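# Pasting the sequence and the predicted model now:
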Amino acid sequence: MSSEKITVTVRLVRSFEHRNFKPVVYHDVNANQSVKEFLSFLQNDVSSKPGLPPPFRKYRYDTLKIIHQAHGAKTNDLVVSLDNDDQLILKETSTLKEAGVAHETEMAYFKKEDYETYKMNPVVIW
């Protein structure tokens, strides 16, 4: 299996209601690795990444969702779109490439429980 290297942006979503997120760019990501491997890498990297405020480093993220693909349409929601979860939330058993992640894809990394709560009542506290 050849190693296809891509660049992705991962939004660390701390709060949907407060629009509290921090984008982190990852270069040379292997598109053929499994989503589970990438989630494990993110968990380790985020918890020890210098420059990230402690609330972002200590938070327990567990889900990745595609926000935007290069040269594609963007969502109007500032944090993450609430539509097409079955297509855009990455399943751990697939590879990044199979899940639709390509070069310059932007993804949200969040706690699924928070997302489900926000989805039931998408009110922004600003």
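Alright, I've got the coordinates.

# which residues are contacting the lengthiest helix in the chain?
Identified as the longest helix of the chain according to DSSP state H is helix 35-48. By CB atoms under 8 Å, 6 or more residues apart in numbering, the residues outside helix 35-48 that reach it are 10, 12, 24, 29, 52, 56-58, 61-62, 64, 90-96, 99, 109. Just so you know, the C-beta spots here come from the backbone N, C-alpha and C atoms, and that holds for glycine as well.

# and the nearest residue to K119 once chain neighbours are set aside, what pLDDT?
Spatial nearest neighbour of K119, excluding adjacent residues (CB to CB, 6 or more residues apart in numbering): L82 at 5.3 Å. Looking at L82, its pLDDT is 81.

# for L82, helix, strand, or coil?
Here L82 is recorded as coil under DSSP: H, G, I helix; E, B strand; the rest coil.

# That one: neighbouring residues, count only.
Neighbours of L82 under the rule other CB atoms under 10 Å: 14.

# that older thread, from the chain's centre, how far out does the longest helix of the chain sit?
Between the centre of helix 35-48 and the centre of its chain there are 11 Å (CA atoms, centre = their mean, to the nearest Å).
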